[in-house]
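Student: 3D model of this:
(4 chains)
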There are 2 protein chains.
Amino acid sequence: MARTKKGKGQEPEQVPEIDIFREYIRRKGLRFTPEREIIVREIFEIHDHFDVDELYLRLRNKGKKLSKASIYRTIPLLKDCGLIQEVYHEDGHMHYEHVYGHEPHAHLRCLTCRRVDEFTDERLREIERDVSERFGYRLTGFRFELIGYCPECLKKEIS
Amino acid sequence: MARTKKGKGQEPEQVPEIDIFREYIRRKGLRFTPEREIIVREIFEIHDHFDVDELYLRLRNKGKKLSKASIYRTIPLLKDCGLIQEVYHEDGHMHYEHVYGHEPHAHLRCLTCRRVDEFTDERLREIERDVSERFGYRLTGFRFELIGYCPECLKKEIS
DNA sequence: AGACAGTTGAATTTCTTTAACAATTTTTTA
DNA sequence: TAAAAAATTGTTAAAGAAATTCAACTGTCT
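Tutor: Presented below is the predicted three-dimensional model:
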């Protein structure tokens, strides 16, 4: 799942996520605490979808003892400042992904094996733009999921 | 929120949802019980997004005393036979919508007032078709959400 | 340095969804 | 038509996610 494009090489420089967050926090009159910093840094070391429990376990394994409550409290902040986004609710809990610095993309989900592929399509942007105009919305993001059965699962299935 | 198009007038006849469901149930060797019938009929009298609790209350108000467990048990059946679909997870629970007999459409969601608008776009179908070919998936549906702020909320906001 | 307001972790609570189970109903089989 | 097999229901309990409460603590600002 190569989903990321770090701002290295010839791509234009990108403000680090942590700075975006710090700035957002300050603008809101909140506090940039060590806990929040640890959580945010960890999230951006994961280069794939993640969930609260995974994040919590990763931090524990690194010896960082944060409460889940802090994670639950930090996530809305990250959503609000446009760094992450909810992707899908599965297995009883929400899954998230990075947004900032990532090409807007869509997901292909297999109902059988739960594999998730990603793709981009120029037309999504166009639709976004058109609809935004037509309805007068100011859009902050989109979520596009195609749901079905992947080629592997189709092969296995004999019906 | 006019989301529905009943198969009346000059539109082609459509097999009633309940028949689709009955047929699916029979094919699976399950049983078409009165409880299931009541639930399915109620769902298709709602012409908007719905959730389990709303459905439960509607039934109670009509004097139909079904357990929530039965609703929770019926929903996956309706999803499996393509009559309904999950739309989004909000306020701690899942929301559903009809699929069968409805033009595939996308949602526009306002983060402030939670209003949901709908629209269709021919390009969504095209993308669906193209991606399906490219990745070899057999698709059963899609979910497309544009997230942002509606014109009304933008007006109220003074920043 | 001191005051204020925001934050943390632990425990608790709320809420959704699933599961277990005994009683019941339907279907199948003989 | 009766007995056996299988599925379904409601109730109750359980599991789990997410939000909340609160006392202790810690940045931030002056």
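Student: What residues of the top strand by length along chain A count as buried?
Tutor: Counting by DSSP state E, the longest strand found in chain A is strand A:138-149. In terms of neighbour count (16 or more other Cβ atoms under 10 Å in any protein chain shown), strand A:138-149 has its buried residues at A:139, A:141-149. The way it works is simple: take the backbone N, C-alpha and C, and place the C-beta from them, glycine included.
Student: contacts with chain B among the residues you listed, please.
Tutor: Residues of the buried residues of strand A:138-149 in contact with chain B (Cβ under 8 Å from any Cβ of the partner chain): A:139, A:141-149.
Student: and chain A, which of its residues are near DNA strand D?
Tutor: A:31-34, A:51-53, A:68-69, A:72-73, A:76, A:89, A:92-94 (Cβ under 7 Å from any atom of the strand).
Student: can you list the weak-confidence ranges in chain A?
Tutor: By pLDDT under 70, the weakly predicted segments of chain A are A:1-12, A:158-159.
Student: domain assignment for it?
Tutor: Domains of chain A are assigned by automatic domain parsing as A:1-102, A:103-159.
Student: Tabulate the ones next to chain B among the buried residues of strand A:138-149 in TSV, adding columns for distance to residue A:85.
Tutor: Output for these, formatted as TSV (distance: Cβ to Cβ, whole Å):
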residue	distance to residue A:85
A:139	12
A:141	6
A:142	9
A:143	7
A:144	12
A:145	12
A:146	17
A:147	18
A:148	22
A:149	25
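Student: Show me where chain A has its strands.
Tutor: Going by DSSP E, chain A shows strands at A:84-90, A:93-98, A:106-110, A:116-119, A:138-149.
Student: how about residue A:111, what does it touch?
Tutor: By Cβ atoms under 8 Å, 6 or more residues apart in numbering or on different chains, residue A:111 lies in contact with A:147-149, B:140.
Student: Look up how far chain B lies from the closest residue to residue A:18 other than its chain neighbours.
Tutor: Residue nearest to residue A:18 in three dimensions, not counting chain neighbours: residue A:40, with 5.7 Å by Cβ to Cβ, 6 or more residues apart in numbering or on different chains. Separation of residue A:40 from chain B (Cβ to the nearest Cβ, to the nearest Å) stands at 21 Å.
Student: So residue A:40 is in contact with residue A:78, correct?
Tutor: Yes: at 6.8 Å, residue A:40 and residue A:78 qualify as touching, with contact defined as Cβ atoms under 8 Å.
Student: Overlap in contacts, these two.
Tutor: Common neighbours of residue A:40 and residue A:78 (criterion: Cβ under 8 Å, 6+ apart): residue A:21.
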